[in-house]
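Colleague: Attaching a predicted model along with its sequence, questions to come.
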Amino acid sequence: MLDGLRLAFGTLTILPTPTPRRVDRAVAGGAMLLAPVAGVVIGGLTAAVVAAAQALQPEADLLAAVLGVVALCVLSGALHLDGLADTADAFGSRRDRETKLRIMKQSDIGPFGVVAIAAVLLIDVTALTTCLQAGFGWQAILVATVASRLTLPWSCRTGVPSARPDGLGAMVATTVRPYAATLVTVAASALLVALAWLTVPAADEPSAGILRGAHQAAPGPDVFTFGIAEDPAVATWPIIAGIALALLLCVMLALAATRRAVTALGGITGDTLGATVELAVPLALLVLAFTV
C-alpha cells in the first residue's frame with residue numbers, strides 16, 4: 001500500500017516523493033486506487049492558492065480562478081492535459097485503430113488537441129469563477145480535483161483491457177476490483193460532503209461553519225477570522241447534492257470513456273486515462289456552478 005501511495009504521488013503530481021521499493025502491476029493498481037488521495041493533497045494546495053488570492057483581492061474572482069486552474073495544472077505536471085491533447089487528436093482524425101494509437105504516441109499536438117485544451121481550461125476558469133461568486137470557491141476546486149482523480153480507479157477496473165501490450169495502460173489495466181473502486185468512491189464522497197458541511201454556512205446562519213469565520217457586528221465587509229475574506233452565506237443542502245451529482249457523473253464519465261476506448265482502441269492507454277481526468281474537472285465544476 002505504501003509503494004502504491006508513493007507511485008500515485010510520483011506519477012500524478014510533481015511533489016517530491018520517495019521512490020517505491022518495487023513497481024509492478026499490483027503496486028500500479030494500488031496507485032490508481034489511491035489516486036483520489038493525491039487529488040486531496042494537490043486539490044488542497046490549489047484551494048489554498050484560490051483562498052489566498054481572494055484574501056489579497058476579494059473582488060477579483062476571475063483572477064483567483066485563473067490562478068487556481070494554473071496551480072492545478074502545475075501541481076499535476078500538466079500530465080493529464082497532454083493525454084487530453086493526444087486523445088483528442090487521435091479521435092479527431094477518425095482513422096482506424098492503428099492510426100489512432102500511432103497519433104497518440106507522437107509528441108506533437110494537432111488542432112484537435114489545441115482546441116480540447118483551450119476548451120477545457122476555459123470551462124474550468126469560468127465555472128470556478130461562478131462558484132467563487134456564489135461563495136463556494138476554494139471548496140469547488142478541491143471537490144473537482146478529487147472527483148476527477150476518482151475516475152482513475154474506475155477506468156482501471158477489472159474487465160477493461162489495455163490497448164497496447166506496453167506503456168502505462170498495460171501496467172494499470174484490470175488492476176482495480178469494482179468493489180475497491182466503490183469503497184474509495186464512498187470514502188471520497190463522505191470526505192467532500194463533510195468538507196461542505198463544515199465550511200459552508202447555511203443561508204439562514206451566516207456565521208456557521210467552523211472554518212469560515214464570523215461576520216463583523218458593524219456594517220461593512222465580512223472578515224474571515226484568519227485573514228481570508230468570507231464568502232456570502234449559501235444554502236448547504238444544494239451544495240451537498242451538487243457534490244454527490246458531480247461525483248456520480250465523474251464515475252459515469254469514466255465508465256463511458258473506458259467503453260469508448262475499448263470500442264475504438266481495444267482498451268485504455270495512459271493518454272485516455274489522462275483525458276478522462278482532465279474532462280472530469282470541468283464536468284465537476286460545471287455541476288457545482290449550476291447547483292451552488
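Modeller: Thanks, I have the structure now.
Colleague: State the distance from the residue nearest to residue 272 when sequence neighbours are not counted to residue 180.
Modeller: Using CB to CB, 6 or more residues apart in numbering and skipping residues adjacent in sequence, the residue nearest residue 272 is residue 261, 4.6 Å away. Heads up, the C-betas are built off the backbone N, CA and C, glycines and all. According to CB to CB, to the nearest Å, residue 261 and residue 180 sit 21 Å apart.
Colleague: For those two, work out which one has more neighbours and name it.
Modeller: In this view residue 261 and residue 180 are compared by other CB atoms under 10 Å, and residue 261 has more residues nearby, 26 against 17.
Colleague: Look up which helix or strand that one falls in, please.
Modeller: Residue 261 belongs to helix 236-265 when assigned by DSSP states H and E.
Colleague: Which positions in that helix come out as buried?
Modeller: 236, 239-240, 242-243, 246-247, 249-251, 253-255, 257-258, 261-262, 264-265 (16 or more other CB atoms under 10 Å).
Colleague: tell me the contacts of residue 12?
Modeller: Contacts for residue 12 (CB atoms under 8 Å, 6 or more residues apart in numbering) come out as 31, 35, 38-39, 42, 76, 79, 149.
Colleague: In helices only, show me these.
Modeller: Within these, residues falling in helices by DSSP state H are 31, 35, 38-39, 42, 79, 149.
Colleague: Which member of the residues you listed is positioned nearest residue 171?
Modeller: Of all those, residue 171 sits closest to residue 31, with 9.3 Å by CB to CB.
Colleague: Please tell me how far that closest one sits from residue 17.
Modeller: To residue 17, residue 31 is 11 Å away according to CB to CB.
Colleague: following the least confident helix or strand in the chain by mean pLDDT, which helix or strand comes up?
Modeller: The weakest-scoring helix or strand in the chain, judged by mean pLDDT, DSSP states H and E, is helix 167-172 (a mean of 90). Scanning forward in sequence from helix 167-172 by DSSP H and E, the next helix or strand is helix 178-199.
Colleague: Could you list the residues in contact with that following helix?
Modeller: Residues from elsewhere that reach helix 178-199 (CB under 8 Å, 6+ apart): 33-34, 36, 40, 136, 139, 142-143, 146-147, 150, 153-154, 157-158, 209-212, 236, 239-240, 243-244, 247, 251.
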